[in-house]
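Asks: could you work out the structure for the sequence below:
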Amino acid sequence: MPLVRPGLAIVAIYSAIPIWNDFFLPLVFLQSPEKKTIMQGLTAFFGEYASQWGIIFAGLTIAALPLVTLYLILSEQFIKGLTAGAVKG
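Replies: Modelled structure (predicted):
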């Protein structure tokens with residue numbers, strides 16, 4: 001299991017990003033406004049003639065925090081996996 005941890009960390013990071021940022025499938029399948037994803041909720045701040053850019057960028061920053069936290073938690077495993085094969089015996 002210790003040899004598999006770096007690979008699992010990379011798989012977790014690379015599979016979490018598209019799932020977290022998914023826009024189209026929830027748009028098609030979720031009909032109730034209470035179940036909107038964060039990305040769909042941010043589209044409410046885009047207007048036809050004006051957009052509220054400050055609120056949009058603040059929302060995007062908050063929406064990115066879980067992925068940044070996941071990366072920071074798993075980055076130690078990721079770096080260990082990269083450096084494990086670089087040691088001469």
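
Asks: ranges for the helices of the protein?
Replies: Using DSSP state H, the helices of the chain run over residues 5-20, 24-29, 38-42, 53-84.

Asks: any buried residues in the first one, and which?
Replies: Of the residues in helix 5-20, those buried by neighbour count under the rule 16 or more other CB atoms under 10 Å are 6, 9, 12-13. Heads up, the C-betas are built off the backbone N, CA and C, glycines and all.

Asks: please apply the same query to the third one.
Replies: Within helix 38-42, the residues that qualify as buried by neighbour count (16+ other CB under 10 Å) are 39-40, 42.

Asks: now residue 5: how far from residue 40?
Replies: 34 Å (CB to CB, to the nearest Å).

Asks: my guess is residue 78 contacts residue 12, does it?
Replies: No: look at residue 78 against residue 12 with CB atoms under 8 Å: they stay out of range, at 9.8 Å.

Asks: any idea of the mean pLDDT in stretch 15-31?
Replies: Per-residue pLDDT values across stretch 15-31 average out to 86.

Asks: should've said stretch 41-61
Replies: Averaging pLDDT along stretch 41-61 gives 91.

Asks: try stretch 75-84
Replies: Stretch 75-84 shows a mean pLDDT of 75.

Asks: now for residue 41: which residues touch it?
Replies: residue 59 (CB atoms under 8 Å, 6 or more residues apart in numbering).

Asks: I meant to write residue 22 there.
Replies: Contacts for residue 22 were tallied using CB under 8 Å, 6+ apart; they are 37, 39.

Asks: look up phi and psi at it.
Replies: Taking degrees, to the nearest 10, you get phi -60, psi 130 for the backbone angles of residue 22.

Asks: from residue 54, how far off is it?
Replies: With CB to CB as the criterion, residue 22 and residue 54 are 25 Å apart.

Asks: what do you get for residue 12?
Replies: In this view, residue 12 and residue 54 are 32 Å apart by CB to CB.

Asks: now for the nearest residue to residue 46 once chain neighbours are set aside: which residues touch it?
Replies: Of all residues not flanking residue 46 in the chain, residue 56 sits nearest, at 7.3 Å (CB to CB, 6 or more residues apart in numbering). Neighbouring residues of residue 56 by CB under 8 Å, 6+ apart: 42, 45-46.
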